[in-house]
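1. take a look and give me a structure for this.
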Amino acid sequence: MTRALRVAPEDTVATMLDDGAAGEIVSVDGGSIALAEDVGRGHKVALVPIAANAAVLKYGSPIGRATQPIAAGRHVHSHNLATLLDATLDYRFAPQPPAALPSAPEASFLGYPRADGRVATRNEIWILPTVGCVARTAARIAARAAPMVEGLIDGVHVFAHPHGCSQLGDDLGGTRAILAGLASHPNAGGVLIVGLGCEENQVAALIEAIAPHHRARIATLIAQDCTDEVTDGVDAVVALARAAEAKRVPRPLSDLVIGVKCGGSDGLSGLTANPLVGRISDRVAAAGGQVIFTEIPEIFGAEQMLMDRAVDHTVFDGIVGVVNGFKQYFLDHGEPVSENPSPGNVAGGITTLEEKSLGAVQKAGRAPIADVIGYGTAATRRGLTLLEAPGNDAVSSTALAAAGATAILFTTGRGTPLGFPVPTLKIASNSDLARRKPGWIDFDAGRVLDEGFDAASAALLDTIVAVASGTATAAERNSEREIAIWKRGVTL
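-> Down below sits the predicted model:
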């Protein structure tokens, strides 16, 4: 029988788990409802009559208002549901008692311990151009050096970008902060910074932005000062690789730093993949590890429930600051705060930003929020940290890596081939995507619907441990390793 899922008892809609046709009887939580029209998988069906202007409930919270009367069995989507979001808000500090996090036998992975106490999941040489002008130069260095250091390290990777010149103020500062964060990352056993020489993002200034104890494993090259910058760069990479040789050793889950991200979501993302990742987040936080989450515009509509989990008033104020700051950023540019979801999200069944946000924040589990950090800043506290960054997949995932995540759990209902500086596990919200795109997907969270969360979370944790111990992700096998930097301000 065709199935639909109601998340909370008070919900007035359910999400279709299969495609349904008009007149078909759909099973919902032990009951049933007759479809009044065709409703696709991931889309919503009204469980009760909903009056015009009444709140529509999913996840036990409003996801918008009905723009017209909606009969039971009707499709609920963009044609009859509108957002309630508008501008900045005043929020209340009403902390809730911390949720009980899961206790389970301690897991471990094989990682690379670093001198500063952090533990890496990869031991690589990273080449970071200061400016887009030398991006291809950096790529040539990586291509020539990689075969020469094979077996010494896990790989040589260049992270090109188009920025670093014609930038001013905070815009230049953001570029420099991200590159400094990447240069300090534990997964980089050695780093070569390649500059041109005349750019705004000067090599010396970038080095000053990196903590002194990280600089010993960093080499620099200024192309305008070299006779043969590629040969000099290759020599530097070989020397870095020889100095970076290391062995994996067993490490507890408390040494893992995960970033959580969703991209190309569908109507099942908030029912399968995101809450599944939330269970992993709780497991890592409970073990004493670090979890970083971001995508500030994709918590609009769900922000109060996150604020209620702040460990203190300072963290609460930080969440309010980044949420209202992002809303004002949109308003200052003449854009509505509710423009999200994307066309792909809408096609997959997500209608309003509130609906997307209520599903997206489940990646962060139930742990207290221990810290709020700015874009380009490193996460330092154990537990759950909120990072300032936009929702864009490449920009936010790069920010997660620069903040110190040694692996990223990336949920998706539509699929994407993109990979980022650290191992990025693609977790499909539905089994159809996992079957169609085995070259992209690392884990099928659609199995939650048949196996339940306990079995699926145990299997996902096993996959994460394997990847943290050296098993390549799909993106790594496809050589998908990119960065993107948040561009703000004027360009000279």
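
2. in this structure, where is pLDDT below threshold?
-> By pLDDT under 70, the low-scoring segments of the chain are 104-105.

3. okay, now the domains of it?
-> The chain resolves into domains spanning 3-82, 124-245, 252-477 when parsed by automatic domain parsing.

4. which stretch among the ones you listed is buried most, on average?
-> domain 252-477 (a mean of 22; mean count of other Cβ atoms under 10 Å). From N, CA and C alone the C-beta is placed, and that goes for glycine too.

5. how far out from the middle of the chain is it?
-> Chain-centre distance of domain 252-477: 4 Å, with Cα atoms, centre = their mean, to the nearest Å.

6. could you work out the end-to-end span of that domain for me?
-> Domain 252-477 stretches 26 Å from its first residue to its last (Cα to Cα, to the nearest Å).

7. now stretch 277-289 - C-alpha only, CSV.
-> Output of stretch 277-289 as CSV, limited to C-alpha atoms (Å, rounded to 0.1, in the frame of the first residue of the first chain):
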residue,chain,number,x,y,z
VAL,A,277,22.7,12.5,11.0
GLY,A,278,21.3,14.1,14.1
ARG,A,279,21.7,10.8,15.9
ILE,A,280,25.3,10.7,14.9
SER,A,281,25.8,14.3,16.0
ASP,A,282,24.4,13.3,19.4
ARG,A,283,26.6,10.3,19.6
VAL,A,284,29.8,12.3,18.8
ALA,A,285,28.8,15.1,21.2
ALA,A,286,28.0,12.6,24.0
ALA,A,287,31.5,11.0,23.5
GLY,A,288,33.1,14.4,23.9
GLY,A,289,33.8,15.1,20.2
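
8. what does that stretch contact?
-> Outside stretch 277-289, the residues that touch it by Cβ atoms under 8 Å, 6 or more residues apart in numbering are 101-104, 106-107, 252-258, 260, 290-291, 293, 362-367, 382-384, 409, 411, 427, 445, 453, 457, 460-461, 464.

9. name the residue closest to the centre of the protein, please.
-> Residue closest to the average C-alpha location in the chain (Cα atoms, centre = their mean): residue 261, at 2.1 Å.

10. and the closest residue to that one other than its chain neighbours, what helix or strand is that in?
-> Spatial nearest neighbour of residue 261, chain neighbours left out: residue 410 (4.9 Å); criterion: Cβ to Cβ, 6 or more residues apart in numbering. In the assignment (DSSP states H and E), residue 410 maps to strand 407-412.

11. what strands line up against that strand, and which way round?
-> Here strand 407-412 is paired, per DSSP bridges, with strand 257-262 (parallel), strand 424-428 (parallel).

12. was I right about residue 182 contacting residue 422?
-> No - at 9.8 Å, residue 182 does not count as touching residue 422 under the criterion of Cβ atoms under 8 Å.

13. what helix or strand is residue 231 located in?
-> Assigned by DSSP H and E, residue 231 belongs to helix 229-244.

14. contacting residues around that helix?
-> Applying Cβ under 8 Å, 6+ apart, the contact partners of helix 229-244 are 123, 125, 127, 134, 137-138, 140-142, 144-145, 148-149, 152-153, 156, 189-192, 194, 217, 219, 221, 223, 226.

15. can you rerun that using 6 Å?
-> Residues from elsewhere that reach helix 229-244 (Cβ atoms under 6 Å, 6 or more residues apart in numbering): 125, 137, 140-141, 144-145, 148-149, 152-153, 189-190, 192, 219, 221, 223, 226.

16. also stretch 205-225?
-> Outside stretch 205-225, the residues within contact range by Cβ under 6 Å, 6+ apart are 130, 134, 137, 176, 179-180, 183-184, 190-197, 203, 229, 232-233, 236, 240.

17. also stretch 296-310?
-> Against stretch 296-310 from outside (Cβ under 6 Å, 6+ apart): 85, 91, 94, 96, 316, 319, 322-323, 326, 337, 340, 353-354, 357-358, 360-361, 368-369, 391.

18. just the ones in helices from the contacts of helix 229-244, please.
-> Among those, the residues falling in helices (DSSP state H) are 137, 140-141, 144-145.

19. and those residues as TSV, adding distance to residue 330?
-> Below are these laid out as TSV (distance: Cβ to Cβ, whole Å):
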residue	distance to residue 330
137	37
140	40
141	40
144	45
145	43
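
20. list the contacts for residue 202?
-> With contact set as Cβ under 6 Å, 6+ apart, residue 202 has no partners.

21. run the last query once more with 8 Å
-> Residue 202 neighbours (Cβ under 8 Å, 6+ apart): 130, 195.

22. how close does it get to residue 230?
-> Per Cβ to Cβ, to the nearest Å, residue 202 is found 21 Å from residue 230.

23. and for residue 253?
-> Distance from residue 253 to residue 230, by Cβ to Cβ: 42 Å.

24. ditto for residue 144
-> The gap separating residue 144 from residue 230 is 7 Å, by Cβ to Cβ.

25. what's the helix or strand for residue 400?
-> helix 393-402.

26. what's in contact with that helix?
-> 177-178, 180-182, 185, 259, 261, 263-264, 292, 294-295, 375-376, 378, 387, 389-390, 408, 410, 416, 418, 420-422, 424, 482-486.

27. what about the strands in the stretch 1-150 of the chain?
-> Listed in chain order, the strands of the stretch 1-150 of the chain (DSSP state E, counting those that start in this stretch) span 3-5, 13-16, 25-28, 31-34, 44-46, 55-58, 61-66, 75-76, 81-82, 108-113, 119-120, 124-129.

28. beta partners for the residue nearest to residue 247 when sequence neighbours are not counted?
-> Leaving out its chain neighbours, the residue that sits closest to residue 247 by Cβ to Cβ, 6+ apart is residue 112, at 7.7 Å. Beta-bridge partners for residue 112, by DSSP bridges, are residue 120.
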